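> got a sequence here, can you model it:
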Amino acid sequence: YEQIPDDMAESITILQIGGSQIQGDSSEYKTLLTKIKNSNPAENPEDLEYLEQEIDIDSFLDWLAVEMFFGNSDIGTGRIYKVQGGKWKCLVQDLDYGLYQSDFNSVQSYLKPEGMGQKKIDNTIFRKILEVDKYRDLFLTKLGKLYQTLTTEVMQQELDLCVAWIQP
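So this is what the prediction gives:
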């Protein structure tokens, strides 16, 4: 996906969405998180510039929109990663608890001030991105496109195809 040589694969830093190490060192991410926590990108152009230089905002907003749309209540298994010299990105994976509980309020769960989900995973970066008007609008547009594209009818058709495939 990142189009880097195989021998560089181990140089990618991969963390759980909350910052726990999977591969590589999490210290750079923790420093970034501290700096962003103490920033105000909506009001301070230098803070916004730092956020934009370090975070692949489209990637983070895509991840958040997909997770929210599917209502994935198992949010702690998300991944973030960084290729050397690149920006931090999110990786959509493990949506097994998506569409699981119809009463799960993913918007409230992911954006509450004390953190995402029951484990209260740090959501500072998402909250700071969404404080910036242009990025909040971009996020709402991304989420809206999911709702317009993955309608109940589309989802039911896909489910019917899957059931027909596995039924025999």
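
> tell me which element the residue nearest the centre of the chain falls in.
To find the centre residue of the chain, average its C-alpha atoms and take the closest one (Cα atoms, centre = their mean): that gives Trp63, at 3.3 Å. Following DSSP states H and E, one finds Trp63 within helix 57-70.

> quick one: buried residues of that helix?
Within helix 57-70, the residues that qualify as buried by neighbour count (16 or more other Cβ atoms under 10 Å) are 57, 59-70. Backbone N, C-alpha and C define where each C-beta goes, glycine included.

> and it, what does it pack against?
Applying 3 or more Cβ pairs under 8 Å, 6 or more residues apart in numbering; DSSP states H and E, one finds that helix 57-70 contacts strand 89-91, helix 106-111, helix 124-131, helix 133-149.

> who does the helix or strand of the chain with the lowest mean pLDDT touch, helix- and strand-wise?
The helix or strand of the chain with the poorest confidence is helix 106-111; it has a mean of 86 (mean pLDDT, DSSP states H and E). Packed against helix 106-111 by the contact rule (3+ Cβ pairs under 8 Å, 6+ apart) you find helix 57-70, helix 124-131.

> which of these sits closest to Lys112?
Evaluated over those, closeness to Lys112 peaks at helix 124-131, with 9.4 Å, by Cβ to Cβ.

> same for that closest one, what does it pack against?
For helix 124-131, the helices and strands in contact under the criterion 3+ Cβ pairs under 8 Å, 6+ apart are helix 27-37, helix 57-70, helix 106-111, helix 133-149.
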